[in-house]
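Q: show me the folded form of this:
(chains A, B and C)
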Amino acid sequence: MKGWLLDLYPNENEIVLWVKNDHGIKKVIDSDFFPSFYVYSSLQDLKSLESKLSDDTSVKSLDYEKKRLWLREKESLVLKVTVSKYKRLKELANNIDESGNFSKYQLFNVDLSFPLRYTLYKEIFPFAFLEINGKINLLDDINSIDYDVPELSSIRIDVEINARDRIPRYEDPISKIIMDDIVLEGEEKELLIELKEIIEHLDPDIIYTNGGDKYLIPYLFYRANYSKLDDFFLGREEDSFPQKKGRSYFTYGQVKYKPPMYTLKGRIHIDMMNSFLYQESGLFGLIELSRISRIPIQILSRTTPGTAITSIQISRAFKENTLIPWKKNLPEQFKSAKDLFMADRGGFIYEPVVGIHENVVEIDFSSLYPSIMVKYNISPETVLCNCCRERKVVPGLNYNICKNIGLIPKVLEPIIERRMEYKKREGDLYKQKNNALKWILVTSFGYTGYKNAKFGKIECHETINAYGREILVRAKEIAESLDYEVLHGIVDSLWLKSNCNDHEKLCNMIYEDIKIPLGIEAYKWIVFLPNKSNEIGALNRYYGLFENDDVKVRGIEIRRRDSPEIINNLQRDMLKELTKANNKKEFYRQIPKAIEVLRDYARKVKNGECDLEELVFTSTISKKIEEYEQFTFNVASLLQLRDKDVVLNPGERVRYIITNSNSKKYLDKVKVLELADENEKYDKKKYLLYLLKAGESLLLPFGYTAKRLDEELKLTSQNTLYRYSSKKNVIF
DNA sequence: ATCACCCGGGG
DNA sequence: GTGTACGGGTGAT
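A: You can find the predicted model right below:
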């Protein structure tokens, strides 16, 4: 049969493939695939290991092969250990590593996923069009841009829960099941049977949920179990979920909570809430990445772009007969692009000139890092290579770079080209594919410096930084030579001021010099904001109005996830007034109107007219309740929830209203939204203060502190409206 | 005054 | 399958 490879996964000791075409879908089992890992050591040690392993019944075969231990190194003799039981692979690798005191043996290809092993071995990939008749025949090309995608049917499932209070629990029964436009109501057990029957009947390829991993799917199974429905499942055959708990983990200093995956068999479950890549690039973005990264779509939808880029790198290394290192122990720690630049503030960070500016353009090297990596051939095996010691080309660093093209550029260049091709085309399909690739490129940089990255090396980071810094400095010099004034600059962007309107010349000159694509956008005006504490320009706090009337806001409350709606609405409405201005002069005229907006909001808060929903803070829990040292709003919320037997994992969010900010009593200080009743009294003074501070955030460069705004707003007489007296009150 | 805690960014 | 920046603001002590 011919069809598209919808999904594949290991099951016990075989690989299951689901192949879809216009006539239906077929499950294919390959029970003749056995995974391997590799061991390198002295020949003598390998020989003794070989004889030791030959007694192990789970070892299927032991062979010697010639492989590269690292990119472009000469091939070495290694022992290939093939296991007959999938589960034994990692156990065996661990045993060997331990028996050699974690130093005698170097192990490779240990932590590769089974789908990746299988697709590399068979030279196929997810969503490939192929023919299966005893053996697999690829009728597709992984490099293809205009590949066909199967028609996929889908359904979205939501449930409503008959909860005792507003916190839904597993013990609460289902009240409603909604499947697209089908609404099921009635007795719970019947509902579940009907749900299963409808899914069997419609037989969708994709099931979309909102929170399926975290709640919906496990809940449905819990209820089915409670109703003694033992053949309840949602896949194309019985689902088996790993008994895993979700994990909380740190990223960029923030705690995230990752619920366990609920993947279905033969059907694709996409949890829209748990899929960054789906949110960013849609179904076609997922398919695009699934193909090129060889990660099955259900797994891919739940991973980060960094995982996908790693997988692509592994595939490339595999093709070049290079083994994949198991663990790495480089001392440097993971840092994101921005971190590194922040960490050593080079000459290309310009503290913003606080205040409002006209005639401003922002230039932006949108894919600076991947471009640098490709252009300057930056890769772990090219930076400080042994063969080209003389080529010390890195600006300001004593590093040499190889003349032979490295793995990272080889991987990135085709992706950049693909993306450029998609960018040229119209329509949602290409937009989604383009977005998916964008994220691959953006994250590729961070991963080169992450210590556990398969193909990472800190010197790559330093090298990329050195080039990046040089490029920004160069761009600045060119701009200044054309009489542009630099107002602000950070990482890959510069804000420039000039009376001349011909910015094309600037772009051309920079591009001619640097040969890295850049974008340019003109502002009618932009306001750079100071730190609230010291009046110095803050690197990432600004707002501005583009020539096309789009508004760009960074760093202030409206951008924060924890801000209550009322703060967001206030700043949105104040900005609405301010952005009516087409220039600096008009901007100053709009300031009093923005303050009037603030007055309206303040009045509403003062009069107790706010809906509770507007006042809700949504804050992320960073640790377990007992680990907190201070009695914060979050702690008070957690205590309230604990009374109701609800425990949140670090990384999950609480929603609360401030009822008495200064109170030391957890029941009094805040109210968790789900536990609040409609007549809950909120802390008016506190919310008023928040409003004033949010107003200050926008207007501080013009002399309005929260305190001063407070004074203004207390004016009750209608004709003493604040008179803005020109430049006297302006700090800058 | 100092420490604890939470958030951003990218597009 | 995986990661603890750094500076900003606000609140607690």
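
Q: can we go C-alpha only for contacts and neighbour counts from here?
A: Fine.

Q: how much space between the closest residue to residue A:122 other than its chain neighbours and residue A:591?
A: Nearest in space to residue A:122, with sequence neighbours left out and distances taken as CA to CA, 6 or more residues apart in numbering, is residue A:136 at 7.6 Å. Distance of residue A:136 to residue A:591, given as CA to CA, to the nearest Å: 69 Å.

Q: the two: which is more packed in?
A: Taking other CA atoms under 10 Å, residue A:136 and residue A:591 do not tie; residue A:591 has more neighbours (22 against 14).

Q: that one contacts residue A:578, doesn't it?
A: Yes - under the criterion of CA atoms under 8 Å, residue A:591 lies in contact with residue A:578, with a separation of 6.5 Å.

Q: re earlier: I'd like the next helix or strand past the helix or strand harbouring the residue nearest to residue A:122.
A: With elements taken from DSSP states H and E, the one containing residue A:136 is strand A:135-138. For strand A:135-138, the succeeding helix or strand toward the C-terminus, using DSSP H and E, is strand A:154-161.

Q: show me how far that following strand is from its chain's centre.
A: On the basis of CA atoms, centre = their mean, to the nearest Å, strand A:154-161 is displaced by 25 Å from the centre of the chain it belongs to.

Q: who does that strand touch, helix- and strand-wise?
A: strand A:174-179, strand A:206-209 (3 or more CA pairs under 8 Å, 6 or more residues apart in numbering; DSSP states H and E).

Q: paired strands for the longest one, with orientation please.
A: Strand A:174-179 has the following sheet partners, assigned by DSSP bridges: strand A:154-161 (antiparallel), strand A:182-185 (antiparallel).

Q: ok, now the shortest one?
A: Using DSSP bridges, the strands paired with strand A:206-209 in its sheet are strand A:154-161 (parallel), strand A:268-271 (parallel).

Q: and that strand, average pLDDT?
A: This predicted structure assigns strand A:206-209 an average pLDDT of 96.

Q: what's the answer for the longest one, then?
A: Computed over strand A:174-179, the mean pLDDT rounds to 96.

Q: what's it in contact with?
A: A:155-162, A:183-186, A:188, A:191, A:195, A:223 (CA atoms under 8 Å, 6 or more residues apart in numbering).

Q: and the last one, by the same measure?
A: Contacts of strand A:206-209 with the rest of the structure, by CA under 8 Å, 6+ apart, involve A:152-158, A:216, A:267-273.

Q: for these, which one is nearest residue A:68?
A: Within the contacts of strand A:206-209, proximity to residue A:68 (CA to CA) peaks at residue A:268, which comes in at 37.0 Å.

Q: partners of the closest residue to that closest one other than its chain neighbours in the sheet?
A: In this structure, residue A:268 finds its nearest non-sequential neighbour in residue A:206, 4.5 Å apart by CA to CA, 6+ apart. When bridges are assigned using DSSP bridges, the partners listed for residue A:206 are residue A:154, residue A:268.

Q: so where is the stretch 201-350 of chain A shaky, pLDDT-wise?
A: Scanning the stretch 201-350 of chain A for pLDDT under 70 picks out the ranges A:242-244, A:250-254, A:327-348.

Q: going through the contacts of strand A:206-209, which ones are buried?
A: Listed as buried from the contacts of strand A:206-209 are A:154-158, A:216, A:267-273; burial here means 16 or more other CA atoms under 10 Å.

Q: any idea which of the strands paired with strand A:206-209 gets closest to residue A:53?
A: strand A:268-271 (39.3 Å).

Q: thanks again, I'm all set now.
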